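# this one's structure only:
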């Protein structure tokens, strides 16, 4: 069993930055990590995906040029650095993990409880 905990969300003004963290209860270095976002009334969407070796296999068009996905396996933590935030980035951000795939999807095995991001002026 792997437990994930997101942190780093909160209110921010448009144009601001946040760094989300996803900390695992045990060794993270063998799993693929996905970041997802859900806005009330909308389906959950994938933001990015990073393999155990640090290869980015997916990044949403809305995130390109603004968000950076990374991981520190020694700290059992993955990160989503979000810059130049826009109101449409508002939502609850979840990280997910799966050791059986290099691609991310809604069917990943382990999920955190999410951290809320609110971008407003």
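It's in. Note that the coordinates shown come from a computational prediction; the quantities given were computed from them, not determined experimentally.
# Quick check: residue 109 vs residue 52, distance?
Taking CB to CB, to the nearest Å as the measure, residue 109 and residue 52 are separated by 14 Å. Any C-beta I mention is one placed from the backbone N, CA and C, and that applies to glycine too.
# what residues do the two have in common as contacts?
residue 99 (CB atoms under 8 Å, 6 or more residues apart in numbering).
# So which residue is smack in the middle of this protein?
Nearest to the mean C-alpha position of the chain, by CA atoms, centre = their mean, lies residue 35 at 2.7 Å.
# Could you report the separation of residue 33 from residue 121?
31 Å.
# now swap in residue 6 and tell me
24 Å.
# who has more neighbours, the two?
residue 6 (22 against 8; other CB atoms under 10 Å).
# Could you verify my assumption that the more buried one touches residue 96?
No. Using CB atoms under 8 Å, residue 6 is not in contact with residue 96; the gap is 10.1 Å.
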